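> Build me a model from this:
(2 chains)
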Protein chains: 2
Amino acid sequence: MRFLLTNDDGIYARGLSALYEELSAEADCLVVAPEIEQSAVGHAITISRPLMVRRATKNGKFLGYAVCGTPADCVKIGIKELSDKPVDLVVSGINRGSNAGINVIYSGTVSAATEAVFMGIPALAISLDSHKEADYTYAAQFAHKMVQVMMKNPELNNSAINVNVPALPPEEIKGVVVVKQGKGNIMESFEKRIDPRENIYYWISGESQAGKEAKDTDVGALAQGFITITPIQSDLTRYDLLDDLKKIMTKRSII
Amino acid sequence: MRFLLTNDDGIYARGLSALYEELSAEADCLVVAPEIEQSAVGHAITISRPLMVRRATKNGKFLGYAVCGTPADCVKIGIKELSDKPVDLVVSGINRGSNAGINVIYSGTVSAATEAVFMGIPALAISLDSHKEADYTYAAQFAHKMVQVMMKNPELNNSAINVNVPALPPEEIKGVVVVKQGKGNIMESFEKRIDPRENIYYWISGESQAGKEAKDTDVGALAQGFITITPIQSDLTRYDLLDDLKKIMTKRSII
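Sure thing, here's the model as predicted:
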């Protein structure tokens, strides 16, 4: 089995390293990850400049391919060009910080997974709910379990699965739930300040509403200490509105 | 009426200017747009650094607020802080290049629209299918028509609408269709090269499969010369797999 590992925190990130250590027991893992942190995630693919690719090492040992591009670039070039054998599964993470609610749309970690599915390869995205460097061991072990589930259930072959793990000691994790994507709303406010050169700037601040979200969503369940599992796809169409909109447009003679 | 206009090509982009000219006839338009092109679109919101905001001018006249942030930042700070009255509608664009198929997920233009809906404001995202600078006049006029439709139909109040306009002379446009999001697959290949310092790099190249996509999708219809209209939302959950996945996880005693 060949797994392709990637992330959006960069090839030297601790979360990716934890994933590699754990999953190497299961399969032949090839790391293809961004050279630098993609905190500003780019477009699906980099087309206006070439992708520089470098064999990255750590302590003199081959670590993987470092790509000057986005996580989706890494998945594409990894599958099409860099892997010397067919890729069976793409695993993206372990992301530093959760990817739940609307953030799923903006996440490079999750983008890598949806890109893989576009290329016909099942994928797992996994994130740890802490923006500080935390212990990735348990999340990596859970990724391992999920990978085994995915390998054994062919109905998941054409799917991306998004997993979020609370940053809690394992004994404090309340359980595992399969849930839909939530909102991730934040009660926001902007604090206006003046810099030493008299320019205006703003800090966004706000209070997470995660605790108020329903338990059957990723945001709500994660906030309560559950590991969340959400099958995802990339179609944003609001199907419930499609027919109404057709009628409206026809009535107004725009169609 | 107050419209908030934004984009991801930057405050001085021609597509935004065309939109402003056209929509000013309909409402009091306030421009809040990224200071520089967000070709690498950031996260939903910028939280690790402050947002610099500048009153931008053009030929000595107030143009709008330039924000050092993402399109979603612009929508948030525009609605919450910069607009001196309640915003009735957010219009994002006119983007240089289409936003159809999977690209919808990576698009800053569309992100601005989904962000607006999260804040309770209806939104329109509009893109012109040309990566070269083309004539935005007709697309702006079409945006105007769509805005009128949205204002007159309260059932669209909580929705984001994604519009793509072919870069054709108006008389060659085949019509307007309401369609679902397509795939946007590209048959890709990577061309390996060596730079003068003997580093390896790759150019991605590929042939768009747009022409092969079904007519009832944005990608397919746009390729055939239709203006496409797609109502969008931000929930990526694969609902068809939710119950199956619960059963699988329970069977394997992971839940």
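> for stretch A:26-33, which positions count as buried?
Neighbour counts over stretch A:26-33 (16 or more other CB atoms under 10 Å in any protein chain shown) mark A:26, A:27, A:29, A:30, A:31, A:32, A:33 as buried. The way it works is simple: take the backbone N, C-alpha and C, and place the C-beta from them, glycine included.
> what would those residues look like in a markdown table with secondary structure and distance to chain B?
Formatted as a markdown table, the buried residues of stretch A:26-33 follow (DSSP: H, G, I helix; E, B strand; the rest coil; distance: CB to the nearest CB, whole Å):
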| residue | secondary structure | distance to chain B |
| --- | --- | --- |
| A:26 | coil | 15 |
| A:27 | coil | 18 |
| A:29 | strand | 21 |
| A:30 | strand | 16 |
| A:31 | strand | 17 |
| A:32 | strand | 12 |
| A:33 | strand | 15 |
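> Identify, from those, the entry nearest to residue A:85.
The shortest gap between residue A:85 and any of these belongs to residue A:30, at 8.9 Å (CB to CB).
> how near is that closest one to residue A:56?
For residue A:30, the distance to residue A:56 equals 12 Å [CB to CB, to the nearest Å].
> Residue A:4 too?
Look at residue A:4 and residue A:56: by CB to CB, they are 15 Å apart.
> And these two? Which one has more around it.
The residue with more neighbours, out of residue A:4 and residue A:56, is residue A:4; 27 against 17, by other CB atoms under 10 Å in any protein chain shown.
> I'd like to check which residues are in contact with the more buried one.
Applying CB atoms under 8 Å, 6 or more residues apart in numbering or on different chains to residue A:4 gives the contacts A:29-30, A:32, A:75, A:78-79, A:83, A:87, A:89-91, A:116, A:121.
> Ranking by neighbours, what's the top pick from the residues you listed?
residue A:91 (32 neighbours).
> so it, which of the three states?
Here residue A:91 is strand, with the state taken from DSSP: H, G, I helix; E, B strand; the rest coil.
> pretty sure it contacts residue A:3?
Yes: assessed by CB atoms under 8 Å, residue A:91 is found in contact with residue A:3 at 5.8 Å.
> Give me the common contacts of the two.
Common neighbours of residue A:91 and residue A:3 (CB under 8 Å, 6+ apart) are A:23, A:147.
> If you count neighbours, what's buried in stretch A:107-127?
By 16+ other CB under 10 Å, the buried positions in stretch A:107-127 come out as A:107-119, A:121-127.
> so of these, which ones are in strands?
Counting by DSSP state E, the part of those found in strands is A:123, A:124, A:125, A:126, A:127.
> give me the beta-bridge partners of the last one?
Partner residues in beta bridges with residue A:127, using DSSP bridges, are residue A:95, residue A:164.
> Is it correct that residue A:228 is in contact with residue A:173?
No: contact between residue A:228 and residue A:173 fails when scored by CB under 8 Å: they sit 11.0 Å apart.
> Between these two, point out the one with more neighbours.
residue A:228 (28 against 16).
> So the more buried one: helix, strand or coil?
Under three-state DSSP, residue A:228 comes out as strand.
> Which stretches in chain A count as strands?
Using DSSP E, strands in chain A cover A:2-6, A:28-34, A:51-58, A:61-67, A:89-96, A:123-129, A:160-166, A:175-178, A:186-194, A:200-208, A:226-232.
> Just put those in JSON lines and tack on mean pLDDT.
What follows is those, written out as JSON lines (pLDDT from 0 to 100):
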{"stretch": "strand A:2-6", "mean pLDDT": "98"}
{"stretch": "strand A:28-34", "mean pLDDT": "97"}
{"stretch": "strand A:51-58", "mean pLDDT": "94"}
{"stretch": "strand A:61-67", "mean pLDDT": "96"}
{"stretch": "strand A:89-96", "mean pLDDT": "96"}
{"stretch": "strand A:123-129", "mean pLDDT": "97"}
{"stretch": "strand A:160-166", "mean pLDDT": "97"}
{"stretch": "strand A:175-178", "mean pLDDT": "96"}
{"stretch": "strand A:186-194", "mean pLDDT": "87"}
{"stretch": "strand A:200-208", "mean pLDDT": "86"}
{"stretch": "strand A:226-232", "mean pLDDT": "97"}
